[in-house]
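Visitor: Need coordinates for the below:
(one chain, ligands or ions: 2)
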Amino acid sequence: MASSTLADSTKGFDMRTSIAGPLAGTEAGAVAAKALRACVHCGMCNATCPTYQLTGDELEGPRGRIYLMKQALEGVRPTRLTLDHLDSCLSCRACETTCPSGVEYHRLLDVGRAAVAEAVPRPWTERLFREGLRRLTISPRLFSVLLALGRTVRPILPRTLQSRIPPRIEAGPKPTGRHSRTMLMLEGCVQSAAAAHFNRSTARVFDRIGIRLLEAPKAACCGAVSFHLDAAAAARAQARANLDAWMPLIDQGAEALIVNSSGCAAFIKDYPDLFRDDPDYLPLARRVAALTRDPVEVVETADLSLARNPAAPRIAVHEPCTLQHGLKLSGRIASLLSRLGYEPQPVADNHLCCGSAGAYAILHTETANTLKANKLAALNASGPAAIYTANIGCWMHMVDSDAAPVRHWMEAVEAVLSDPP
Ligand code: SF4
Ligand code: SF4
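Guide: Ligands and ions are numbered 1, 2, ... in the order given. As a prediction, the model looks like this:
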């Protein structure tokens with residue numbers, strides 16, 4: 001369908017909806033119908049949608065995508081073009097933050113994209129690539145081997161490939177403090193292989209504030225990558241394994257689950273959606289979701305009155321979409337770092353995605369690179385000494401920046417706690 005045709009046809013958008021086909025009468029169908037009925041088709045969300053901003057195409061914005069999903073879920077056969085428009089969505093949720101009607105776009109997208117992907121089979125080559133990418137990403141061992149190989153040959157690779165290989169950064173020692181307060185920490189899949197220093201730095205900061213972070217050895221990938229690559233069953237299996245690994249430690253007194261990568265935290269917060277049809281795991285999913293915390297939610301409550309960076313460096317805080325639109329923690333990291341003596345600078349278009357978006361940067365290179373260039377320009381505009389982010393995917397996407405270095409924000413906290421004035 002041509003964009004102009006859709007833009008015209010959506011002027012008389014009908015808010016009534018009736019889910020047809022296999023989703024009729026199901027919980028997933030009800031979730032989609034709720035979002036479809038809430039949308040008043042005002043189009044305000046288009047103004048903050050990165051893909052709409054880049055293309056000006058109605059079908060590359062949330063309102064057009066909602067329309068496409070409505071059609072598909074009501075029984076109109078979707079086409080490859082429908083799937084392409086849904087695939088090109090970054091799942092950044094900027095549209096949700098903007099929407100005055102409270103449309104839970106990401107819940108609709110989860111249902112709608114799965115239904116369309118089911119109805120429009122991908123060619124085997126595409127399926128193979130996506131499955132290979134998924135398996136590589138979720139296996140820290142496999143990822144580590146390939147990363148080591150990539151780092152070895154990095155100097156002779158073209159610049160575009162070099163930028164995909166993050167540098168090796170020393171993780172430093174594990175903290176040894178024994179504290180009565182304990183919390184769990186998700187080590188993650190890619191993160192544990194590519195940026196182990198994020199986790200070590202987090203563990204040392206928590207140690208300094210009197211909390212021991214526990215690792216559940218059998219917990220691994222949160223499942224987000226699988227879920228977004230058409231492998232919902234695999235995502236559920238990964239989430240079940242995590243819940244099984246965490247529950248005994250929660251029962252023994254772990255107060256929270258600390259997830260220092262906001263993409264993983266936002267996905268775990270949505271575990272109840274993943275298990276909406278599973279009465280055995282739904283209560284566990286709800287319990288863990290309620291205990292999931294970004295580190296800022298804990299560190300900002302600690303007594304840090306003696307910690308201060310005397311140099312008062314200018315910094316830029318990169319707020320990942322999952323942090324601001326998913327977890328709704330916008331402003332919290334900058335506020336904490338400001339208390340610690342840093343000087344966070346304003347960042348233009350803070351609401352816009354950097355283009356990382358999980359596997360998106362690999363699958364939609366051109367859009368991802370344009371968004372990355374825009375984001376790095378905005379972050380570097382004030383000449384910061386460093387850029388601090390809160391998500392492994394965003395870090396990997398932007399770490400090759402040739403201006404200010406990109407780091408995890410826990411490193412900024414650790415710097416003042418380790419070396420108080
Ligand atoms: S802003 Fe909300 S109600 Fe308006 S078109 Fe977008 S999703 Fe629908
Ligand atoms: S999730 Fe992001 S890319 Fe997708 S429609 Fe909403 S604003 Fe646009």
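
Visitor: What is the neighbour count of the residue nearest to residue 227 when sequence neighbours are not counted?
Guide: Residue nearest to residue 227 in three dimensions, not counting chain neighbours: residue 235, with 3.8 Å by Cβ to Cβ, 6 or more residues apart in numbering. (Each C-beta comes from the backbone N, C-alpha and C, glycine too.) Residue 235 has 24 neighbours, counted by other Cβ atoms under 10 Å.

Visitor: got it, and residue 346?
Guide: Residue 346: 10 neighbours (other Cβ under 10 Å).

Visitor: residues contacting the spatially closest residue to it that is not a sequence neighbour?
Guide: Distance criterion Cβ to Cβ, 6+ apart; nearest residue to residue 346, sequence neighbours excluded, is residue 382 at 7.4 Å. Residues in contact with residue 382 (Cβ atoms under 8 Å, 6 or more residues apart in numbering) are 314, 316, 345, 346.

Visitor: gap between the two ends of stretch 215-224?
Guide: Counting by Cα to Cα, to the nearest Å, the length from the leading to the trailing residue of stretch 215-224 is 19 Å.

Visitor: ok, back up a step: shouldn't the residue nearest to residue 227 be in contact with residue 241?
Guide: No: applying Cβ atoms under 8 Å as the test, residue 235 and residue 241 come out as separate, 10.9 Å apart.

Visitor: tell me, which helix in the chain spans the most residues?
Guide: Of all segments of type helix in the chain, defined using DSSP state H, the longest is helix 232-251.

Visitor: and it, what's its mean pLDDT?
Guide: Per-residue pLDDT over helix 232-251 has a mean of 96.

Visitor: ditto for stretch 218-225
Guide: What stretch 218-225 shows for mean pLDDT is 92.

Visitor: how long is it from one end to the other?
Guide: Taking Cα to Cα, the first and last residues of stretch 218-225 lie 18 Å apart.

Visitor: Now do it: distance to the chain's middle.
Guide: What separates the centre of stretch 218-225 from the centre of its chain is 13 Å, taken as Cα atoms, centre = their mean, to the nearest Å.

Visitor: Check what contacts it and list those residues.
Guide: The contact list for stretch 218-225, computed with Cβ under 8 Å, 6+ apart, reads 134, 137-138, 140, 184, 186-189, 234-239, 241-242, 244-246, 259, 263-264, 267-268, 274, 358-359.

Visitor: returning to that earlier point: residue contacts, the residue nearest to residue 227?
Guide: Residue 235 makes contact with 223, 224, 226, 227, 274 under the criterion Cβ under 8 Å, 6+ apart.

Visitor: Tell me the secondary structure of the third one, please.
Guide: The one in question is residue 226. Under DSSP: H, G, I helix; E, B strand; the rest coil, the three-state class of residue 226 is helix.

Visitor: From what I see, it and residue 232 are in contact.
Guide: Yes: taking Cβ under 8 Å as the contact criterion, residue 226 and residue 232 are neighbours in contact, 7.5 Å apart.

Visitor: Give me the more crowded residue out of those two.
Guide: More crowded of residue 226 and residue 232, by other Cβ under 10 Å: residue 226, with 23 against 16.

Visitor: Spell out, range by range, the helices that occur in the stretch 251-400 of the chain.
Guide: Listed in chain order, the helices of the stretch 251-400 of the chain (DSSP state H, counting those that start in this stretch) span 262-269, 271-274, 282-291, 296-299, 321, 332-339, 360-363, 365-380, 392-398.

Visitor: Out of the ones you listed, which is closest to ligand 1?
Guide: Taking Cβ to the nearest ligand atom as the criterion, helix 321 is the member of the helices of the stretch 251-400 of the chain that comes nearest to ligand 1, at 16.1 Å.

Visitor: Secondary structure element holding the closest residue to residue 225 other than its chain neighbours?
Guide: Using Cβ to Cβ, 6+ apart and skipping the chain neighbours, the partner closest in space to residue 225 is residue 137 (4.8 Å). Assigned by DSSP states H and E, residue 137 falls within helix 124-138.

Visitor: Just want the angle from that helix to helix 232-251.
Guide: Inter-element angle recorded for helix 124-138 and helix 232-251: 10 degrees (by axes from the mean of the first three to the mean of the last three Cα atoms, to 10 degrees).

Visitor: ok so, going back, and the residue nearest to residue 225, how many neighbours does it have?
Guide: Close neighbours of residue 137, defined as other Cβ under 10 Å, add up to 22.

Visitor: So it sits against residue 189, correct?
Guide: Yes: applying Cβ under 8 Å as the test, residue 137 and residue 189 come out as touching, 6.4 Å apart.

Visitor: Centre of the chain to stretch 305-314, how far?
Guide: Centroid separation for stretch 305-314 versus its chain: 29 Å, with Cα atoms, centre = their mean.

Visitor: count of residues packed around residue 354?
Guide: The number of residues packed around residue 354, counting by other Cβ under 10 Å, is 29.

Visitor: Isn't it up against residue 396?
Guide: No: taking Cβ under 8 Å as the contact criterion, residue 354 and residue 396 are not neighbours in contact, 10.6 Å apart.

Visitor: hang on, residue 212 in a strand?
Guide: Yes: according to three-state DSSP, residue 212 belongs to a strand.

Visitor: That one: neighbour count?
Guide: Neighbourhood size, residue 212 [other Cβ under 10 Å]: 18.

Visitor: and the gap between it and residue 254?
Guide: As defined by Cβ to Cβ, to the nearest Å, residue 212 lies at a distance of 9 Å from residue 254.

Visitor: And for residue 400?
Guide: When distance is defined by Cβ to Cβ, residue 400 is 36 Å away from residue 254.

Visitor: ok, the two, which is more surrounded?
Guide: Using other Cβ under 10 Å as the criterion, residue 400 and residue 254 rank with residue 254 on top: 22 against 16.

Visitor: and the more buried one, backbone torsions?
Guide: The phi and psi torsions at residue 254 (degrees, to the nearest 10) take the values phi -60, psi 130.

Visitor: and if you look at residue 185?
Guide: For residue 185, the backbone dihedrals (degrees, to the nearest 10) come out as phi -130, psi 140.

Visitor: Cool, thanks, talk later.
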